[in-house]
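>>> Show me the folded form of this:
(chains A, B, C and D)
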2 protein chains.
Amino acid sequence: MTYAIAQAAERSGLSIDTLRYYERIGLVEPPARDSGGRRSYTDEDLAWLEFLTKLRTTGMPIRMMREYAQLRMRGLGTRARRQQILVDHRTDVLNRIAELQTCVAALNYKIGMYDEQLQEEATA
Amino acid sequence: MTYAIAQAAERSGLSIDTLRYYERIGLVEPPARDSGGRRSYTDEDLAWLEFLTKLRTTGMPIRMMREYAQLRMRGLGTRARRQQILVDHRTDVLNRIAELQTCVAALNYKIGMYDEQLQEEATA
DNA sequence: ACTTGACCTGGAGTGCACTCCAGGTTCTAG
DNA sequence: CTAGAACCTGGAGTGCACTCCAGGTCAAGT
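Alright, predicted model coming up:
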């Protein structure tokens, strides 16, 4: 199964422009082209885009995604390095989650304060 | 207790430039000035900066922080609206945490795959 | 043959959140 | 009195991650 760029965009949740942009900057290998010179994405391409999207969602900067992508293109000998990148990134993400949870606690506190104040207002 | 801008920067974790920037765009009320015309931050100012930082950390865009800040400056009548902003934002943050956790699961999976592959490599 | 729509390229433009700079003023120590 | 550090202002510059545009090509339907 192959996909035109519009279909790839829809399935990946990225825009057409972003797909071409990712290709330009070396985040994805140039996909195959059809007889008319148009990009033709495979399921593998889409799987990679999906994973890239997860890295992006978790805040990995593009230059690090590119480093990972370049290692992947260079093949088997880079697996240990690639794994290390993911392990380090996972640590970052877990820290980020903890940070967000601290902030949620602060929001809860503040929201509680408003509850009290609005309560007083109502009973006054 | 009052603080010169450098001290406020250190305590808030924001840069001096960012403090002035936040003032310019209406995120913080212009602090008092000392006899020489320099900014003089109070503990209350710092508490507000700390809360702003939590909003920023959780990804609230500046224009929404500004909306909240402007409501706060307008006083008591805006409390219900301010609370609503925080409640909505908390929902966003909780969704974001869930999203990050999904991504961590994907990272765990991928890291596990590398473990297996590197294992095979070692035993081959 | 012709229109329409999806696609192509290289390059310019955008929005966000800062960050830096030049040129000037003011307090602080020696 | 003077050197230096810390501060001031208005405005320009930066980095990131896209996003848009002009001008052109290609394939399919009428």
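>>> residues near the closest residue to A:Met73 other than its chain neighbours, how many?
Nearest residue to A:Met73, sequence neighbours excluded (CB to CB, 6 or more residues apart in numbering or on different chains): A:Glu29, at 6.3 Å. To be clear about C-beta, it is placed using only N, CA and C from the backbone, and glycine gets the same treatment. With neighbours defined by other CB atoms under 10 Å in any protein chain shown, the count for A:Glu29 comes to 13.
>>> Equivalent analysis for A:Gln84, please.
Applying other CB under 10 Å, I find that A:Gln84 has 12 neighbouring residues.
>>> need the longest strand for chain A.
strand A:39-42 (DSSP state E).
>>> what pLDDT, on average, does stretch A:117-124 get?
Stretch A:117-124 comes out with an average pLDDT of 80.
>>> export that stretch as CSV, just CAs?
Below are the C-alpha coordinates for stretch A:117-124, written out as CSV (Å, rounded to 0.1, in the frame of the first residue of the first chain):
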residue,chain,number,x,y,z
GLN,A,117,-13.5,33.3,47.9
LEU,A,118,-16.5,32.9,45.6
GLN,A,119,-18.2,31.0,48.4
GLU,A,120,-17.8,33.9,50.8
GLU,A,121,-19.0,36.3,48.1
ALA,A,122,-22.2,34.2,47.8
THR,A,123,-22.9,34.0,51.5
ALA,A,124,-22.1,37.7,52.2
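>>> Same question for that stretch: list its buried residues.
Within stretch A:117-124, no residue is scored as buried using 16 or more other CB atoms under 10 Å in any protein chain shown.
>>> For chain A, which residues are neighbours of DNA strand C?
Selection of chain A residues close to DNA strand C by CB under 7 Å from any atom of the strand yields A:Ala4, A:Ile5, A:Ala6, A:Gln7, A:Ile16, A:Arg20, A:Arg33, A:Gly37, A:Arg38, A:Arg39.
>>> How about the contacts made by the second one?
I take that to be A:Ile5. Neighbour list for A:Ile5: A:Ile16, A:Leu19, A:Arg20, A:Arg38, A:Arg39, A:Tyr41 [criterion: CB atoms under 8 Å, 6 or more residues apart in numbering or on different chains].
>>> circling back to that earlier point, just to be sure, the residue nearest to A:Met73 is in a strand?
No: counting by DSSP: H, G, I helix; E, B strand; the rest coil, A:Glu29 is not part of a strand but coil.
>>> returning to what we had before: does anything pack onto the longest strand of chain A? Which helices or strands?
strand A:2-3, helix A:5-12, strand A:32-33 (3 or more CB pairs under 8 Å, 6 or more residues apart in numbering or on different chains; DSSP states H and E).
>>> can you pull the buried residues of that strand?
In strand A:39-42, counting by 16+ other CB under 10 Å, buried: A:Arg39, A:Ser40, A:Tyr41.
>>> sorry, back to before: the residues of chain A next to DNA strand C: which two are farthest apart?
A:Gln7 and A:Gly37 (17.0 Å; CB to CB).
>>> Between the two, which has more neighbouring residues?
Per other CB under 10 Å, whichever of A:Gln7 and A:Gly37 has more neighbours is A:Gln7, with 14 against 6.
>>> State the distance from the residue nearest to the more buried one when sequence neighbours are not counted to A:Val28.
The shortest distance from A:Gln7 to any non-neighbouring residue, by CB to CB, 6+ apart, is to A:Tyr41 (7.5 Å). Shown here: A:Tyr41 relative to A:Val28, a distance of 9 Å by CB to CB, to the nearest Å.
>>> Equivalent analysis for A:Ser35, please.
22 Å.
>>> Look at the two and report which has more neighbours.
A:Val28 (19 against 6).
>>> Pretty sure A:Leu52 is one of the things that one touches, is it not?
Yes: the pair A:Val28 / A:Leu52 is scored as a contact, 7.3 Å apart, by CB atoms under 8 Å.
>>> Now list whatever residues contact both of those two.
Joint contacts of A:Val28 and A:Leu52 (CB under 8 Å, 6+ apart) are A:Tyr22, A:Ala69.
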